[in-house]
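Engineer: prediction below, plus the sequence it came from.
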Amino acid sequence: MKEKEVPQDDGMLQGKTRDLYYVLDENGNYVNALSTGWEPKNIVMQQAWDIINEAVAGVRDQVLRNEASTLLYHMEKNQMDVKLLSQYSGVSKAKIKEHIRPGGLEKATQAEKEAYADSFRISVEQLLKLDDPDSHHA
Amino acid sequence: MIQTPTMPDPVFDHRQSAHCENGVTANLFRFHGLDINEPLVFGIGSGLFFAHMPFMKLNGIPVTGFRPFPGVIFQRAAKKLGIKMKVKTYRDPEKAMEELDANLAQGIPTGCVVGVFHLTYFPEPYRFHFNAHNLVAFAREGDLYHISDPVMETVTTLSHRDFQRVRFAKGTARPRGKMYWPVSVPEQINLRKAIVKGLRKTCYDMTEIPLKFFGAKGIHYLADRMLKWPQKLGDRKALQYLGQVVRMQEEIGTGGAGFRFMYAAFLQECARIFGDERFAAFSTRMTGIGDDWRAFAYEASRLVKNRSNNGSDWQSVSASLHRIADKEQLLFEELYLLAKEWDKKV
């Protein structure tokens, strides 16, 4: 790739940093160049997020139909299964399985709720409800 | 010598790199007086690789890798350059932070392995449960740690709490507070010898591992396998598999084309260091192969975007990979001969 061909297709990096590329300058020497993104990358990253977002939307509907508690929603949103949440929160897998049932989270102790909220980096108040449907990232 | 972008910083010379592991290694080694850059670390550490391993899955998708397992490049580079490293992991998060503080109080920049999911300064779309990211902590001021994360353009900070959390990320391959730093750097380094050893290892890995999953053979293997995906998995899943290959190839940290451009830069450095123009010719060929990988990524992303279920589209991306595999096989066979020739002289 040549220096002048470095793509600048804004997207997933959100302006927080840029990708460093190794490219050839006019004299055929390797130099570094920065890129804000590349369309093919944006497409396949979006594909990965579409899979996650569809799963989150599915669980959101489950919660709205009262088939699961908001805990399951926040787990899905944070790409955590029961095992991973158990590791982060220190709450046993058996208890988590109870708490993701409809109405199950109400039976959790305050300490358990705080441990969950901390694992997701949200407040207990947020843990007990769903986010706005359009607040999911990517 | 390649000039990498620098940020003026009173304590630590932060240079951005394409890949976190190379970058941390190069930045730490340079702090200890070794003049080295990312492509050299990558080449000496035999960073270039290819593996397609259907028996290993990540989020239900077979693993395709363009580099060895995390930590390997760094270990190889340190060993070949004769640099002694101290490496520690911890059970107790408090102790892990205390010992880091002790290092920082003595002015020792320290490499840390972290998970990226809770890494606050990272762009959100990149926050997956990936636990093998590397950064350098170089100072503490009150609650804030000063961080040189080589994939970021500038130095950044983490609070004590956020730092402890990412050092003790949970899930697959937990970092367990792992930290590392050079304890001794030899006064005389035989750079040529280290480079030749690195070259030989890469050429071997790319052409001679007797398993179909690895090296240029592995690229042929992937090209064959993907033709069966649409029928075996259905269109949707097949495209997810294809998308994963492109993500591994082009994601943050490769410098483009699955590290092939970085390796071409390394070969160009070799031409300079050995005064042997044959390395420059290999560099030019490697650049061409990198361009082929980029063309493959472009083509594959079109399939993903158009939700293609067209058999001829799949034939076409598969054929592109076969051509790349042939070129890499030939290049590394020939480069192997040159590396062996130099091995007798250094």
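Structural biologist: Received it, and whenever you're ready, just let me know what you need. Numbering: from 1, shown residues only, chains lettered A, B, ... in the order given.

Engineer: from now on I want contacts and neighbour counts done on CA atoms only, so please keep to that.
Structural biologist: OK.

Engineer: list the contacts for residue 57?
Structural biologist: Because you didn't say which chain, this covers chain A. The contact partners of A:Ala57, by C-alpha atoms under 8 Å, 6 or more residues apart in numbering or on different chains, come to A:Pro133.

Engineer: actually chain B
Structural biologist: Residues near B:Lys57 by C-alpha under 8 Å, 6+ apart: B:Val63.

Engineer: helix/strand/coil for it?
Structural biologist: strand (DSSP: H, G, I helix; E, B strand; the rest coil).

Engineer: any stretches of chain A with poor pLDDT?
Structural biologist: A:134-138 (pLDDT under 70).

Engineer: who in it is up against chain B?
Structural biologist: Neighbours of chain B within chain A, by C-alpha under 8 Å from any C-alpha of the partner chain: A:1, A:12-14, A:16-23, A:29-32, A:40-41, A:43-45, A:47-49, A:79, A:84, A:87-88, A:137-138.

Engineer: if I look at the residue lying closest to A:Ser89 once chain neighbours are set aside, how far off is chain B?
Structural biologist: For A:Ser89, ignoring the flanking residues on the chain, the nearest one in space by C-alpha to C-alpha, 6 or more residues apart in numbering or on different chains is A:Ala115 at 5.0 Å. From A:Ala115 over to chain B the distance is 13 Å, taken as C-alpha to the nearest C-alpha, to the nearest Å.

Engineer: how about chain B: which residue is closest to chain A?
Structural biologist: B:Gly255 (4.3 Å; C-alpha to the nearest C-alpha).

Engineer: ok, that residue - contacts?
Structural biologist: A:Asp19, A:Leu20, A:Tyr21, A:Tyr22, B:Ala18, B:His19, B:Phe261, B:Met262.

Engineer: which helix in chain A has the most residues?
Structural biologist: Using DSSP state H to assign secondary structure, the helix with the most residues in chain A is helix A:39-64.

Engineer: name the residues of whichever helix or strand comes after it that come out as buried.
Structural biologist: Downstream of helix A:39-64, the first helix or strand assigned by DSSP states H and E is helix A:70-77. Neighbour counts over helix A:70-77 (16 or more other C-alpha atoms under 10 Å in any protein chain shown) mark A:Thr70, A:Leu71, A:Leu72, A:Tyr73, A:His74, A:Met75, A:Glu76, A:Lys77 as buried.

Engineer: on that earlier part again, among the residues of chain A next to chain B, which are in strands?
Structural biologist: Using DSSP state E, the subset of the residues of chain A next to chain B located in strands is A:Asp19, A:Leu20, A:Tyr21, A:Tyr22, A:Val23, A:Tyr30, A:Val31, A:Asn32.

Engineer: pretty sure the fifth one contacts A:Pro7?
Structural biologist: No - applying C-alpha atoms under 8 Å as the test, A:Val23 and A:Pro7 come out as separate, 11.4 Å apart.

Engineer: ok, these two, which is more surrounded?
Structural biologist: Per other C-alpha atoms under 10 Å in any protein chain shown, whichever of A:Val23 and A:Pro7 has more neighbours is A:Val23, with 26 against 15.

Engineer: who's in contact with that one?
Structural biologist: With contacts defined as C-alpha under 8 Å, 6+ apart, A:Val23 is in contact with A:Met1, A:Lys2, A:Glu3, A:Val6, A:Tyr30, A:Val31, A:Asn32, A:Ala33, B:Phe261.

Engineer: for the residue nearest the centre of chain A, what are its contacts?
Structural biologist: Residue closest to the mean C-alpha point of chain A, counted by C-alpha atoms, centre = their mean, is A:Asn78 at 4.9 Å. By C-alpha under 8 Å, 6+ apart, the contact set of A:Asn78 is A:Phe120.

Engineer: mind running it again at 6 Å?
Structural biologist: Contacts of A:Asn78 were listed using C-alpha atoms under 6 Å, 6 or more residues apart in numbering or on different chains, and none were found.

Engineer: look up phi and psi at it.
Structural biologist: With angles defined as degrees, to the nearest 10, A:Asn78 sits at phi -100, psi 10.
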